[in-house]
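1. okay, sequence plus prediction incoming.
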Amino acid sequence: AQRVTQPEKLLSVFKGAPVELKCNYSYSGSPELFWYVQYSRQRLQLLLRHISRESIKGFTADLNKGETSFHLKKPFAQEEDSAMYYCALRVRNNDMRFGAGTRLTVKP
Amino acid sequence: DGGITQSPKYLFRKEGQNVTLSCEQNLNHDAMYWYRQDPGQGLRLIYYSQIVNDFQKGDIAEGYSVSREKKESFPLTVTSAQKNPTAFYLCASSISPRAEAFFGQGTRLTVV
């Protein structure tokens, strides 16, 4: 089955601490993975995609095919990072499978 | 102001009534999507459309219908056949099927 699992519904860290949001996937083909973010009162928006190998707002995510994971990391969390984060897997052109989301709270 | 607009933000309907959720985009995107979000679950694809006058079922299309008569518009009808219609509905669009999707603000539908 094609599935995305985000094991943590809630994650709370202090400002300046490292943060890792976990994402595991199940997919038989070559995966295309994304992280989406939704800040308070804003729309869901793309944060980064694994094929770009980019760092956005200090966040990075590495695809680990052996562990079937795509964890999102940031070495020093900021208060403005507080948001809802969704991991997503593209299974076909028009079909994205989303995880249940993790709500990150960065405390001052 | 370019973007994707969903209306209304909140919608209440009586059980057994059909209801149509609006989604309009002025981004000139070919592809449009409807997702449903329930508490504790990710977004699930209801329907998608790659081009005008064409649409395909997603994972949970039963009890829903769509139309794509214009490029800018992709309305979703929640019919009385949908057994559990109360949910948060998100519309999205992308310039092509593999491009980044842009999301609307969502419509929260409550059926009483």
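-> Here it is on my side, so go on.
2. ok, the residue of chain A most remote from its centre - contacts?
-> Distance from the centre of chain A peaks at residue A:108, with 22.1 Å (CA atoms, centre = their mean). Applying CB atoms under 8 Å, 6 or more residues apart in numbering or on different chains to residue A:108 gives the contacts A:14, A:15, A:79. Heads up, the C-betas are built off the backbone N, CA and C, glycines and all.
3. most neighbours among those residues, which one is it?
-> Sorting the contacts of residue A:108 by how many neighbours each has (other CB atoms under 10 Å in any protein chain shown) puts residue A:15 first, at 14 neighbours.
4. just to revisit the earlier point, what's the closest of the contacts of residue A:108 to chain B?
-> Chain B lies nearest to residue A:79 out of the contacts of residue A:108, by CB to the nearest CB, at 23.4 Å.
5. ok, the closest one - contacts?
-> A:15, A:106, A:107, A:108.
6. narrow those residues to those in strands?
-> Cross-referencing those with the strands (criterion: DSSP state E) gives A:106, A:107 as the overlap.
7. I'd like the contacts of residue A:79 as JSON lines, with pLDDT appended.
-> Shown next, in JSON lines, are the contacts of residue A:79 (pLDDT from 0 to 100):
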{"residue": "A:15", "pLDDT": "97"}
{"residue": "A:106", "pLDDT": "97"}
{"residue": "A:107", "pLDDT": "97"}
{"residue": "A:108", "pLDDT": "95"}
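8. show me which of the contacts of residue A:79 is closest to chain B.
-> The closest of the contacts of residue A:79, once distances to chain B are taken by CB to the nearest CB, is residue A:106, at 22.4 Å.
9. just the contacts of residue A:79 now: which is nearest residue B:102?
-> Distance from residue B:102 was checked for each of the contacts of residue A:79 by CB to CB. The minimum falls on residue A:106, at 25.8 Å.
10. distance of the closest one from residue A:80?
-> Look at residue A:106 and residue A:80: by CB to CB, to the nearest Å, they are 8 Å apart.
11. ok, residue B:82 - contacts?
-> Residues in contact with residue B:82 (CB under 8 Å, 6+ apart) are B:62, B:63, B:64.
12. 7 Å instead, please
-> In this structure, residue B:82 makes contact with B:63, B:64, judged by CB atoms under 7 Å, 6 or more residues apart in numbering or on different chains.
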